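> Test case, fold it:
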Amino acid sequence: MAPLLNPPEVSRHDPAAAQARLNALRAAIEQHNFRYYVLDAPSVSDAEFDQLFCALQALEAAHPEWITPESPTQRVGSPTYTTTFAPVTHAQPMLSLDNAFTEAEWDAFATRAQERLGRNTPPVFAAEPKFDGLAINLIYRDGALVQAATRGDGQTGEDVTLNVRTLANIPQFLPDIRPSLLEVRGEVVLSHTAFAALNAAAEAVGDKKFVNPRNAAAGSLRQKDPRITAQRQLQFFAYGLGTAEGLPLPESQLALLDWLASLGFTVSEYRQLCDSRAAVLAYYQAMQARRTTLEYDIDGVVFKVNSRAEQEALGFIARAPRWAIAYKFPAEEAVSQVQSVDFQVGRTGALTPVARIAPVFVGGVTVANITLHNIDEITRKDIHVGDFVTVRRAGDVIPEIIAVLPERRPADAAAIALPRVCPVCGSEVLRVDGEAIARCSGGLFCPAQRREAIKHFASRKALNIDGLGDKWVELLLEHGLIAHVDDLFSLTVARLLTLPRMGEKSAQNLIDAIEAAKNTTLPRFLYALGIREVGEVTARALAVHFGALEPLFAASVEELQTVPDVGPVVAQHVYTFLRQPHNIEVMNNLIAAGVHWPKPAPRAAALPLSGNTYVLTGTLSTLTREEAAARLQALGAKTSSSVSAKTTAVIAGEAAGSKLTKAQALGVPVLDEAALQHLLAIASA
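Below is the predicted model:
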């Protein structure tokens, strides 16, 4: 059964309903305390828990006669149910802290402290980050560490001495002092780096990953085998004392932290004195801004009255000191429900799943949409439509779903499947084995891809429409003059003159360039289509091998793989692209508009340089490297950008560099420009 997150409001004049709500709140909080403190597997965010707790506090304030010692508002944490570790009764209770979420709540706390102390001004406060970890009590007798225990329910914790001894930054002996009894209290945490490594190792062997560093730290400290704890790179930050016997103590909170540091304990480097409300708020804001840059998770700032004498005068309430408060940051995590998942199509045809969630305020903004990256990510996290999920947004980081709450999965939750066809244009969706990304195969037609498709089609190495740059493409699409690449060839000067600030000469120049582009080659045409993984070299290999479009259209995946440089992945991309009705329609329109190329080239086997591979380097004087490569390829040769032992020859011009050096080292023949011209002349004869 899903936990009760938002009990219904009740009338103050309906005691029975109020009592029922109080009982429901207590039951929900007890359940969450158990999952958080004992199982290390919370099912709600900290923010949701705080809302429940505040609601219970408000209800008990309205009905103080209903407050009992067993209420969660009167206790700390959760009773220890496990039998793995022996119970430890704390000599002095380990209390929790009350929370402030707004400036008004902070002001109320400071005012109460001022009034109870009989001061004319607020007390001075010591400030430090509130680490999000596991509270631990270290017991030293005569200067030696003899026991370590978790907080538990504040009165009784668990004996984790053997595991705590593996933490490198906890002193086993105190230098120079031998107090008969000293309890040092602090937080055990796990750094972001160690947390990432821990989860990566778990994923590698198929183990369950931890949700966040706090739960990882708690789980690591409560291992049966201390050797496992020792591998987890836990750290301890000291923040205070429990019982202390046999030595004088510093008179202020900041001096106490400095003293603990002198004993070898790690304390926060960001501790600071705040002597005014402005200083308090400035420190809070500074730590909130620094939050995402820290190596450890913090969820707020702890402010403590700096004078220890004033602390003693203020005393305690049932579960918290009156002299300290946790001023919490806006939640970076929240729980919401996945309402649907849509697949968006990007400019390259990649399908990206996007979860539509019930809007939730997290990380300072309202989040309603979350990118899920790819179908593998959905499978790995086991996300279903209808699931309750933990959403995280830290600082300016894009929101993400970090975990599913399986215990709250509705019975009608639906698995998420990759679409078979593009949700934009209806073309087949292709996902190659081994690739995480699925893509729409309607590259020429799909509206989601058309902008990039047109830019690529007009580029210099494709149909080379001189002057049709990115700005032109954007302008033509914006004003509806074109929708797909074939529409370029129906443009007229008159239509172009309807564009803003368009002159007749510019319009005519573009029309002339489009007309000139009709006269192309089959390799350029194939490259211009933008088939995934088909670059210039592969387009040329396809053109040479098949000679014309018709046999290429008829080729099977197996036949495509007989082409040099075409493996199973590229073959599948080509095969699928050429069988989409929308793509075929656009290609037919291009040919009908007059796009043409010379008669079919001879088969590769008939070309004189077939089977040879050349590498061009340096500067040639009689032709460019691109022109030289084109002439070699027209004679059946392949050109490559890297030298290997299989290279036929390296053609070196002026200022040849590392490729020439590598050719000489491998014993690959080197031709100068004169030798290249001689080779081309003989092969062309």
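
> just so I have it, where are all the strands in the stretch 51-200 of the chain?
87-89, 99-100, 125-131, 134-141, 144-150, 156-158, 181-190 (DSSP state E, counting those that start in this stretch).

> quick one: the longest one to strand 125-131, angle?
Just to be clear, that refers to strand 181-190. For strand 181-190 against strand 125-131, the angle by axes from the mean of the first three to the mean of the last three C-alpha atoms, to 10 degrees is 50 degrees.

> what pLDDT, on average, does strand 181-190 get?
Strand 181-190 carries an average pLDDT of 95.

> cool, and the fourth one?
Strand 134-141 shows an average pLDDT of 94 in the prediction.

> Out of the strands of the stretch 51-200 of the chain, the one nearest A17 is which?
Closest to A17 of the strands of the stretch 51-200 of the chain is strand 99-100 (C-beta to C-beta; 26.9 Å). No exception for glycine: its C-beta is placed from N, CA and C like everyone else's.

> Quick check: can you name the pairing partners of that closest one and their directions?
Strands that pair with strand 99-100, judged by DSSP bridges, come out as strand 324-328 (parallel).

> Does anything pack onto the next helix or strand after the strand it pairs with? Which helices or strands?
Counting by DSSP states H and E, the next helix or strand C-terminal to strand 324-328 is strand 333-345. Applying 3 or more C-beta pairs under 8 Å, 6 or more residues apart in numbering; DSSP states H and E, we find strand 333-345 packed against helix 46-62, strand 351-362, strand 384-385, strand 388-392.

> Out of the ones you listed, which gets the lowest mean score?
In terms of mean pLDDT, the lowest-scoring of the helices and strands packed on strand 333-345 is helix 46-62 (a mean of 75).

> about what we covered before: please identify the most buried of the helices and strands packed on strand 333-345.
Across the helices and strands packed on strand 333-345, averaging neighbours per residue (mean count of other C-beta atoms under 10 Å) puts strand 388-392 on top, at a mean of 23.

> helices and strands around that strand, which ones?
strand 333-345, strand 351-362, strand 400-404.

> could you redo those as CSV and give each row distance to P500?
CSV is the format used below for the helices and strands packed on strand 388-392 (distance: least, C-beta to C-beta, whole Å):
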stretch, distance to P500
strand 333-345, 30
strand 351-362, 34
strand 400-404, 42
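
> so which of those gets nearest C440?
Across the helices and strands packed on strand 388-392, C440 has its closest neighbour in strand 333-345 (5.4 Å, C-beta to C-beta).

> could I get the closest one in PDB with only the CA atoms?
In PDB, the C-alpha atoms belonging to strand 333-345 read as follows (Å, rounded to 0.1, in the frame of the first residue of the first chain):
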ATOM      1  CA  GLU A 333      15.000  16.100  -4.700                       C
ATOM      2  CA  ALA A 334      11.300  15.500  -4.900                       C
ATOM      3  CA  VAL A 335       8.800  12.700  -5.600                       C
ATOM      4  CA  SER A 336       6.400  12.900  -8.500                       C
ATOM      5  CA  GLN A 337       4.400  10.600 -10.800                       C
ATOM      6  CA  VAL A 338       5.200   9.800 -14.400                       C
ATOM      7  CA  GLN A 339       2.000  10.600 -16.300                       C
ATOM      8  CA  SER A 340       3.200   9.800 -19.800                       C
ATOM      9  CA  VAL A 341       6.300   9.400 -22.000                       C
ATOM     10  CA  ASP A 342       6.600  11.100 -25.400                       C
ATOM     11  CA  PHE A 343       9.400  10.500 -28.000                       C
ATOM     12  CA  GLN A 344      10.800  13.700 -29.500                       C
ATOM     13  CA  VAL A 345      12.700  13.600 -32.800                       C
END
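
> T562 - how many residues pack around it?
For T562, the count of nearby residues is 11 (other C-beta atoms under 10 Å).

> Next one: it, what pLDDT does it get?
At T562, pLDDT is 88.

> Surely L481 touches L496?
Yes - between L481 and L496 there is a contact under C-beta atoms under 8 Å: 7.4 Å.

> Between those two, which has more neighbouring residues?
Counted by other C-beta under 10 Å, L481 and L496 do not tie: L496 has more neighbours, with 21 against 17.

> For burial, what's the neighbour tally of the closest residue to that one other than its chain neighbours?
Leaving aside its sequence neighbours, L496 sits nearest to A507 (C-beta to C-beta, 6 or more residues apart in numbering; 3.8 Å). Neighbour count for A507, taken as other C-beta under 10 Å: 19.

> measure A507 to Q633 for me?
36 Å (C-beta to C-beta, to the nearest Å).

> so who does the residue nearest to L496 touch?
Going by C-beta atoms under 8 Å, 6 or more residues apart in numbering, A507 touches V493, L496, L497.

> With S252 instead?
A126, N306, S307, R308.

> possible to save the residues you listed as JSON lines with secondary structure?
Supplementary listing: the contacts of S252 in JSON lines, determined by DSSP: H, G, I helix; E, B strand; the rest coil:
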{"residue": "A126", "secondary structure": "strand"}
{"residue": "N306", "secondary structure": "coil"}
{"residue": "S307", "secondary structure": "strand"}
{"residue": "R308", "secondary structure": "helix"}
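
> between those residues, which is nearest L679?
For the contacts of S252, the nearest to L679 is A126 (82.2 Å; C-beta to C-beta).

> Contacts for stretch 164-178, please.
By C-beta under 8 Å, 6+ apart, the surrounding residues in contact with stretch 164-178 are 136, 138, 140, 142-145, 148, 182, 188, 221, 226-227, 229-230, 234-236, 246-247, 263-266.

> and stretch 577-588, what's its mean pLDDT?
Here stretch 577-588 scores 89 as its mean pLDDT.

> CA atoms of the strand or helix carrying H545 as CSV?
Assigning secondary structure by DSSP H and E places H545 in helix 536-546. The C-alpha coordinates for helix 536-546 follow below in CSV (Å, rounded to 0.1, in the frame of the first residue of the first chain):
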residue,chain,number,x,y,z
GLU,A,536,31.9,11.0,-49.0
VAL,A,537,34.1,7.9,-49.2
THR,A,538,31.1,5.5,-48.7
ALA,A,539,28.9,7.4,-51.1
ARG,A,540,31.6,7.1,-53.8
ALA,A,541,32.1,3.4,-53.1
LEU,A,542,28.4,2.8,-53.5
ALA,A,543,28.3,4.8,-56.7
VAL,A,544,31.3,3.0,-58.2
HIS,A,545,30.0,-0.4,-57.1
PHE,A,546,26.4,-0.1,-58.3
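
> Report all helices and strands that it contacts.
helix 522-528, strand 638-640.

> Relative to I378, tell me which of those wins on proximity.
Of all the helices and strands packed on helix 536-546, helix 522-528 sits nearest to I378, with 34.4 Å by C-beta to C-beta.

> Name the residues that touch the closest one?
Outside helix 522-528, the residues that touch it by C-beta under 8 Å, 6+ apart are 456-457, 459, 461-464, 485, 520, 534-536, 539-540, 542-544, 547-549, 552, 595, 597-598, 600-601.

> filter those residues to the buried ones?
Burial of these was assessed by neighbour count (16 or more other C-beta atoms under 10 Å); the buried members are 456-457, 459, 462-463, 485, 520, 534, 536, 539-540, 542-544, 547, 549, 552, 595, 597, 601.

> Turn the contacts of A507 into JSON lines, including pLDDT and distance to E60.
Below are the contacts of A507 laid out as JSON lines (pLDDT from 0 to 100; distance: C-beta to C-beta, whole Å):
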{"residue": "V493", "pLDDT": "94", "distance to E60": "81"}
{"residue": "L496", "pLDDT": "93", "distance to E60": "75"}
{"residue": "L497", "pLDDT": "93", "distance to E60": "77"}
